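Visitor: How does the following fold in three dimensions:
(chains A, B, C and D)
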Protein chains: 2
Amino acid sequence: MKEHRSISIADQIFEQLELDILSGKYQRGEILSELKLSQELGVSRTPIREAIRRLEQERILEDSGRGVVVVGISREDMLDMYEIRSRIEGFAAERAAENISDELIQKMRETVELQRFYASKSDSEYSVQIRNLDSDFHEQLYRATGSRPLYDTLLSLHKKMAKFRMASVSKRSRALQSVEEHAAIAEALASRDKAAARQAVERHVAAARARMQDMEG
Amino acid sequence: MKEHRSISIADQIFEQLELDILSGKYQRGEILSELKLSQELGVSRTPIREAIRRLEQERILEDSGRGVVVVGISREDMLDMYEIRSRIEGFAAERAAENISDELIQKMRETVELQRFYASKSDSEYSVQIRNLDSDFHEQLYRATGSRPLYDTLLSLHKKMAKFRMASVSKRSRALQSVEEHAAIAEALASRDKAAARQAVERHVAAARARMQDMEG
DNA sequence: GGTGGTATAACTGTATACAAATGTGCCAGA
DNA sequence: TCTGGCACATTTGTATACAGTTATACCACC
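Guide: Numbering: from 1, shown residues only, chains lettered A, B, ... in the order given. Okay, the predicted model is just below:
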């Protein structure tokens, strides 16, 4: 949904900080100062400030009058985000089934194939690729809805959840399971079957939630 | 949820730009340059940039390689946002019924009383107050859930919708109707009745959507 | 008159400078 | 030893400076 422009320093800082916060490197309640960050990261305060403002907008950081305080997300937050997704994402799937383009169907199938490939390998070897492809798949699903609010809302939730999960390693069996759920979604969309798409997505979200719950619970 | 800190220039710029975009003053597709904005508003580029970054994060502005392009929201987007809210806000009401504090119940009742007062006055006289109180009420409802994801997701949607609606004037009869729906919600929460709270909220969202649809439709 | 190339203007990204506010620590005095 | 006050260090908010990039417009040449 955006391709041009070379990645600026501010963008990189934003991504890095978001990851560091959501994956738990910075603890909840910790206070970050612009100056310290700029020294640690070797850039001036300007890009740091822009990244911080964006993270504040995402409610991952919060202004504390004196520096920003790390809010991050908790395990409970994760469960609530699954609750929200379980109530929206099925609807999004129906929309996607109505509006998806042939090109996007093709792309989603390719994404699933790549996922199958990496997921079949030994455990944590391609974990980065697996995670990225999972994000790609969901981005494509949300894009297929043709609805900006659905895209924005769901992508924002998914992005946070994905970065949060980065702290934990997932087993290969779980990855394989997830891929097959994706495959079912892609095929339902390909046949433009609203009901099937909804069901497949709802099953996927519920299963993902269950996987998370008995991973650390 | 945030009280301290005097409102900085950057914050004001953010609020102003967001309002100007969502209320339609800046047209979709229009390109804004930092320099022009800083000259028009009489401040340096720094606070402008921060406001723009936050608006980009909200997906109201988008980077175009050369200045930011106004995205804003459309009538269709509004309907989709109602769809999303209709699927989450009832759940949020159940949560609120479980977790709301006595103080918050009191506050919500007061908000409703104030709304009743202003809504009973002649048409557009107190429109600003009515709108602000509507936002207050929903902020309180979302806060009562005790869930950060619910709060963030729903407040973000509501804020956008409220600013979008600022472009249009609403009739007193509609305002009165809305207040009574709020009152029903507040009373359901006060008796901590999950089912009633859910029903009242779902009715309110559906009614608000209907009001919007036959206002301009 | 049309076209290509170059100078220039506009704009963003980053760094730095400066002012105002606020917390901290040290020192003096009781 | 404890307390009050003052100087200083730290930090944010805003403005400005500078570099690099890209569009644009104009002029020369075909």
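Visitor: Phi, psi for A:Asp63 please.
Guide: Dihedral pair for A:Asp63: phi -70, psi 140, per degrees, to the nearest 10.
Visitor: So for it, what's the pLDDT?
Guide: Model confidence at A:Asp63, given as pLDDT, is 94.
Visitor: What of A:Arg5?
Guide: pLDDT recorded at A:Arg5 is 54.
Visitor: which residues sit against stretch A:178-198?
Guide: A:90-91, A:93-94, A:96-98, A:100, A:105, A:108-109, A:111-112, A:115-116, A:119, A:134, A:137, A:141, A:144, A:199-201, A:203-204, A:207-208, A:211 (CB atoms under 8 Å, 6 or more residues apart in numbering or on different chains). No exception for glycine: its C-beta is placed from N, CA and C like everyone else's.
Visitor: Name only those of the residues you listed that count as buried.
Guide: A:90-91, A:93-94, A:96-97, A:100, A:105, A:108-109, A:111-112, A:115-116, A:119, A:134, A:137, A:141, A:144, A:199-201, A:204, A:208, A:211 (16 or more other CB atoms under 10 Å in any protein chain shown).
Visitor: Can you tell me which of those end up in helices?
Guide: A:90-91, A:93-94, A:96-97, A:105, A:108-109, A:111-112, A:115-116, A:119, A:134, A:137, A:141, A:144, A:199-201, A:204, A:208, A:211 (DSSP state H).
Visitor: among those residues, which are in reach of chain B?
Guide: Applying CB under 8 Å from any CB of the partner chain, the subset of those adjacent to chain B comprises A:Phe91.
Visitor: near DNA strand D, which of the buried ones among the contacts of stretch A:178-198 show up?
Guide: Counting by CB under 7 Å from any atom of the strand, the subset of the buried ones among the contacts of stretch A:178-198 that neighbours DNA strand D is empty.
Visitor: In terms of residue numbering, what are the domains of chain A?
Guide: Per the record, chain A has its domains at A:9-70, A:75-216, by automatic domain parsing.
Visitor: chain center to the first one: distance?
Guide: The one in question is domain A:9-70. Centroid separation for domain A:9-70 versus its chain: 19 Å, with CA atoms, centre = their mean, to the nearest Å.
Visitor: how close does the residue lying closest to A:Arg143 once chain neighbours are set aside sit to A:Glu89?
Guide: Nearest non-adjacent residue to A:Arg143, counting by CB to CB, 6 or more residues apart in numbering or on different chains: A:Tyr151, 6.0 Å away. A:Tyr151 sits 12 Å away from A:Glu89 when distances are taken as CB to CB, to the nearest Å.
Visitor: A:Gly67 too?
Guide: As judged by CB to CB, A:Gly67 and A:Glu89 stand 36 Å apart.
Visitor: The two - which one has more neighbours?
Guide: Shown here are A:Gly67 and A:Glu89; by other CB atoms under 10 Å in any protein chain shown, A:Glu89 has more neighbours (27 against 16).
Visitor: Point out the residues in chain A that sit beside DNA strand C.
Guide: Taking CB under 7 Å from any atom of the strand as the criterion, chain A approaches DNA strand C at residues A:Arg5, A:Ser8, A:Ile9, A:Ala10, A:Val43, A:Ser44, A:Arg45, A:Thr46, A:Pro47, A:Glu50, A:Gly65, A:Arg66.
Visitor: Which ones among these map onto helices?
Guide: A:Ile9, A:Ala10, A:Arg45, A:Thr46, A:Pro47, A:Glu50.
Visitor: Select from those residues the one having the most neighbours.
Guide: Taking other CB under 10 Å to define a neighbour, the member of those with the most is A:Glu50, carrying 23 neighbours.
Visitor: which residues sit in contact with it?
Guide: A:Ala10, A:Ile13, A:Phe14, B:Arg49, B:Glu50, B:Arg53.
Visitor: tell me which of those is nearest to A:Met81?
Guide: Relative to A:Met81, the closest of the contacts of A:Glu50 is A:Phe14; by CB to CB it sits at 20.3 Å.
Visitor: which residues touch the residue nearest in space to the middle of chain A?
Guide: The centroid of chain A falls nearest to A:Lys159 when counting by CA atoms, centre = their mean (2.5 Å). Residues in contact with A:Lys159 (CB under 8 Å, 6+ apart) are A:Ser135.
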